[in-house]
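Trainee: How does the following fold in three dimensions:
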Amino acid sequence: SKLGYEYLGNDLRSEQIDANRINAKEVLQDAEVYPTWTCGDSLNIDTIAKGYEADLIFSCPPYADLEVYSDKKEDLSNMDYKAFITVYREIIKKTCSLLKEDRFAVFVVGDVRDKKGFYQNFVSDTIMAFWNCGVILYNEMILVNQIGSGAMRAGKQFSNSRKVVKHHQNVLVFYKGNPKNIKANYPELDLSYIENKIESE
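Mentor: Below you'll find the model as predicted:
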């Protein structure tokens, strides 16, 4: 919206929508374009956004039950991993149906451990959920989080359980369509400012 693009967001919790709207007023002020938010279960996104055609999909979904967001039964963060991944795949399938051909989808995810301490393969499950929709992994980036208290926890945690402290998330970029069409559909970027900065340093 800040750049003048149409934005449609959906969240299960009305309190999050209210917070988003307050934040939008602070950021956008007198902007001509404001985001549209809908409140509902993303499992029904095909109905909520019926007829909508997206140029880009972006989400940072719940990381299974790592953080519980509400007590709603339809909240993914309240489900065990088997139920979570079943609903999650269906949400991705319905969301991908709204994505135009030759367009990108971006999901920010991070692997999570089960109750015994083993990783559950959430990143790979996300990749396969998109693959089953014909929307294929095209790029991956690593989002490095601030260390914060991790430096203090790292030694004790590793000594007690041999678990390393995790400080990154996976930014998965998927593509729907033929990658050969990217050059024709997307403008060439002027990245000279990066080159100039590197040269000055």
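
Trainee: ranges for the helices of this structure?
Mentor: In the chain, the segments counted as helices under DSSP state H are 14-28, 45-48, 81-96, 122-131, 150-161, 182-185, 192-200.

Trainee: Tell me the buried residues in the first one?
Mentor: What it means is helix 14-28. By 16 or more other CB atoms under 10 Å, the buried positions in helix 14-28 come out as Ile17, Ala24. All C-beta spots, glycine's among them, are computed from the backbone N, C-alpha and C.

Trainee: ok, now stretch 133-140?
Mentor: Within stretch 133-140, the residues that count as buried by 16+ other CB under 10 Å are Cys133, Val135.

Trainee: How about residues contacting it?
Mentor: With CB atoms under 8 Å, 6 or more residues apart in numbering as the test, stretch 133-140 has contacts from 92-93, 96-97, 99, 104-105, 127, 130-131, 170-176, 179.

Trainee: Average pLDDT for that stretch, rounded please.
Mentor: Stretch 133-140 comes out with an average pLDDT of 98.

Trainee: do stretch 159-176 as well
Mentor: For stretch 159-176, mean pLDDT is 93.

Trainee: Please point out which parts of it sit buried.
Mentor: For stretch 159-176, a neighbour-count test (16+ other CB under 10 Å) marks Val165, His167, Gln169, Asn170, Val171, Leu172, Phe174, Tyr175, Lys176 as buried.
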